[in-house]
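Structure for this input, please:
(chains A and B)
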There are 2 protein chains.
Amino acid sequence: MSRFMSMAFEQAEAAAQRGEVPVGAVLVRDGVVLAADGNRVEQFSDPTQHAEMLVIRAASPINGGKLDGCDLYVTLEPCPMCAAAISLARIRRIYFGAYDPKGGGVEHGAKVFDHPTCHHRPEVFGGLDESRAAELLRAFFRERR
Amino acid sequence: MSRFMSMAFEQAEAAAQRGEVPVGAVLVRDGVVLAADGNRVEQFSDPTQHAEMLVIRAASPINGGKLDGCDLYVTLEPCPMCAAAISLARIRRIYFGAYDPKGGGVEHGAKVFDHPTCHHRPEVFGGLDESRAAELLRAFFRERR
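Residues are numbered from 1 along each chain as shown, chains lettered A, B, ... in the order given. Coordinates of the predicted model:
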């Protein structure tokens, strides 16, 4: 597994430990990790605090608002909010784990990048280590029920 | 004009004064303003700091992460990121000013609410005080050129 995808899984596992839906994200440029975080929706009582938003917001100011040339590793297909934020931030590539037919916004639903009005479309690599990503989510929701 | 839409315009004008693309947003519940802010993308060097995101993030924690029953007034059609955040926050109604054929994600492009996987669709009222909202943006970009 990619070193960065492995780090994203560590962030997802840490999120689960905090009682959050286990999703983790890592933002990388030129082999250097700029930011790594997991979902913090419960912690902040704020539905926008997805892992992807947190790493984009953490890295943007230190890069003068430019994330061109950065790659994002995330354990789950981004939702439409995060997909649109990825486009606004002009992230170069996204690598994601499990597909999310119910909540995803890249390959499902709004398919945010697939419209002529989407001004920047990253390269997308989906389904990486898909079974591990899916099992992490299943285990979390199994425990909650 | 609605009192709240008027406040959203004040926030948009304040954003223009700060050198930001002039968009303002106000979040209201039961006639009480929970949060009001304008675009702060330049200030924070962060492409996610749209007016809508700022008011949602400001109000969510004080409401325990629940914005059901809240209405959002914004001077421009929300982009796909903000539209998806509005849905995640379960905002009841959105009232927006100018339509945004190039960047909007409600009536244009990804049409975030118009998919079966969109779990909460607010009531949408678009084109309010449209000419004022459009003129505000035109004046801003005219000065910049």
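
Every contact and neighbour count from this point should use C-alpha atoms.
Will do.

pLDDT score assigned to A:Gly64?
Note for A:Gly64: predicted pLDDT of 81.

And it, how far from A:Arg57?
11 Å (Cα to Cα, to the nearest Å).

Look at those two and report which has more neighbours.
More crowded of A:Gly64 and A:Arg57, by other Cα atoms under 10 Å in any protein chain shown: A:Arg57, with 21 against 12.

sorry, back to before: which neighbours do A:Gly64 and A:Arg57 have in common?
Listed contacts common to A:Gly64 and A:Arg57 are B:Asp46; contacts here mean Cα atoms under 8 Å, 6 or more residues apart in numbering or on different chains.

Contact residues of chain A facing chain B?
Contact residues (Cα under 8 Å from any Cα of the partner chain) of chain A with chain B: A:42, A:44-48, A:53, A:56-57, A:60-61, A:64-66, A:80-85, A:88-89, A:101-103, A:109-112, A:114-118.

Please name the nearest non-neighbouring residue to A:His120.
A:Ser87 (5.2 Å; Cα to Cα, 6 or more residues apart in numbering or on different chains).

Could you double-check that that neighbour sits in contact with A:His115?
No. Here A:Ser87 does not reach A:His115: they are 11.8 Å apart, not a contact under Cα atoms under 8 Å.

And these two? Which one has more around it.
The neighbour count for A:Ser87 versus A:His115, taken as other Cα under 10 Å, is higher for A:Ser87 (20 against 14).

how about that one, secondary structure?
In the three-state summary, A:Ser87 is assigned as helix, counting by DSSP: H, G, I helix; E, B strand; the rest coil.

ditto for A:Phe96
strand.

who touches it in this structure?
Applying Cα under 8 Å, 6+ apart, the residues contacting A:Phe96 are A:Tyr73, A:Val74, A:Thr75, A:Leu76, A:Glu77, A:Pro78, A:Phe125, A:Gly126, A:Gly127, A:Leu128.

What about those residues, which are in strands?
Members of these lying in strands (criterion: DSSP state E): A:Tyr73, A:Val74, A:Thr75, A:Leu76, A:Phe125.

Neighbours of the second one, how many?
Read it as A:Val74. Neighbour count of A:Val74, defined by other Cα under 10 Å: 33.

just the first one next, same as before
As a burial measure, A:Tyr73 scores 26 neighbours (other Cα under 10 Å).

do the same with A:Ala139
Neighbours of A:Ala139 (other Cα under 10 Å): 12.

what about it, which helix or strand?
In the assignment (DSSP states H and E), A:Ala139 maps to helix A:130-144.

Contacts for that helix, please.
A:Phe9, A:Glu13, A:Ala16, A:Val21, A:Pro22, A:Thr75, A:Leu76, A:Gly97, A:Ala98, A:Tyr99.
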